[in-house]
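> 3D model of this:
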Amino acid sequence: MGDDVTVRHHARLLARALADPTSVERLNGDGWTALLTMARAELLSATLAYRLAGLAMPTAAARFLADARASAEQGRTAALWEAEMARRALGPLGVPIVLLKGTAYLAAGLEAGRGRFVGDLDILVPRAALDAVERALLDAGWEWVKPNPYDDAYYRRWMHELPPLIHAARDRLIDVHHTILPLTARATPDAAAMLANAVPLRGGLGILAPADMICHAAAHLFADGDLGGGMRNLWDIHCLVAEFGVAGLAERARHHGVWPAVARAARQANALYGTQIPGGWRGRDALDPLVARRLTARDGWGRQTRSFTRLGFYVRSHWLRMPPAILARHLWTKWRRSG
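Residues are numbered from 1 along each chain as shown. Next comes the predicted model:
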């Protein structure tokens, strides 16, 4: 039991530093080591650097956070350039191109983008335009990451996106979404409504409207994944709620069929980061303690812990993504290919 309390403390040390930066003034050397190691493991180092800017800290910690800020600035430039390259490739098609996730936060100058690590470029386009978008990207230098016929067919039949593409010269991935959850998922968000309500940016790109952006972030975390990287994704949600509020969010989430995910995200963000949410949203259910346990499953060296809990959420993520018969056939096929 003592070890579990320690593990939970390390994760909450990072959460507390993000929510209340002055809390780091009470840290000793071991506390700073645990904080920075947790931040690095959760891809929150640069976010933490911006939150702690101007505070007194050990010299080694200051150097670490300065490096994280510099790396984040380079990442920001690369992410926005990749979005511009996609715009140039797809602009002639005349279809909506909506940025998703981290690149959207950066392009719109949102608080969630400050120090945000961005890996792939994620975009949302109309499903009817997928063939044209695919051809345009291939013509512009992107190529398939998963050339296997089974993987290709699986993405095209069941998933919410094309098979991932990587640019041959820039080595950057792009995920082209036509909706925000797999077609086999229990929830069926209204992608057409998301595109219709998207907020245009200069240059022909767009981002989701605030409520839709929160719905997507919550669905991505709680209806389509195993909660890996959950502290970072939950911080996104905290920042989005703090910046935009929750007016109309419940109604929009119900329209998209993702209200359970949004409500859970709000509760978990409130518990971990102190996110301000309506009192009526705070009722907990039986899964909430397990979710909190999964979100904080790292030790003071950033290593993953609670393997049984992580396995349970991995299995759950597949269960949510597809019906049992399809899931069994998919896992059987993948197992045979791995042999």
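> Could you tell me the per-residue confidence at the residue lying closest to Leu227 once chain neighbours are set aside?
Residue nearest to Leu227 in three dimensions, not counting chain neighbours: Arg294, with 4.8 Å by Cβ to Cβ, 6 or more residues apart in numbering. Where C-beta positions appear, they are placed from N, C-alpha and C, glycine not excepted. Arg294 is assigned 93 on the pLDDT scale.
> What is the neighbour count of Ile277?
When neighbours are counted by other Cβ atoms under 10 Å, Ile277 registers 17.
> Check Glu143 too.
11.
> How far off centre is the strand or helix carrying it?
Following DSSP states H and E, the helix or strand that holds Glu143 is strand 142-144. Centroid separation for strand 142-144 versus its chain: 23 Å, with Cα atoms, centre = their mean, to the nearest Å.
> who touches that strand?
Ala89, Asp152, Pro163, Pro164, Leu165, Ile166, His167, Ala168, Ile174 (Cβ atoms under 8 Å, 6 or more residues apart in numbering).
> now stretch 191-201
Contacts for stretch 191-201 (Cβ under 8 Å, 6+ apart): 96, 98-99, 107-108, 124, 126-127, 178-180, 206-209, 212, 216, 255-256.
> gap between the two ends of it?
19 Å (Cα to Cα, to the nearest Å).
> Enumerate the positions of it that are buried.
Ala191, Met194, Leu195, Ala198, Leu201 (16 or more other Cβ atoms under 10 Å).
> from these, which is closest to Val241?
Of all these, Val241 sits closest to Met194, with 18.2 Å by Cβ to Cβ.
> tell me which element the closest one falls in.
helix 191-196.
> Let's test this: mean pLDDT of that helix, rounded?
Rounded mean pLDDT across helix 191-196 is 98.
> Please state the offset of it from the chain centre?
Counting by Cα atoms, centre = their mean, helix 191-196 comes out at 20 Å from the chain centroid.
> just checking, what's the longest helix in this protein?
The helix that spans the most residues within the chain, counting by DSSP state H, is helix 59-90.
> packing partners for that helix?
helix 29-41, helix 45-51, helix 101-107, strand 121-124, helix 130-139 (3 or more Cβ pairs under 8 Å, 6 or more residues apart in numbering; DSSP states H and E).
> Just want the angle from that helix to helix 130-139.
Counting by axes from the mean of the first three to the mean of the last three Cα atoms, to 10 degrees, helix 59-90 points 110 degrees away from the direction of helix 130-139.
> Surely Asp212 and Arg252 touch.
Yes. Taking contacts as Cβ atoms under 8 Å, Asp212 lies within contact range of Arg252: 6.6 Å.
> quick one on the thing from earlier: which of the contacts of stretch 191-201 fall within strands?
Val98, Leu99, Leu124, Gly206, Ile207 (DSSP state E).
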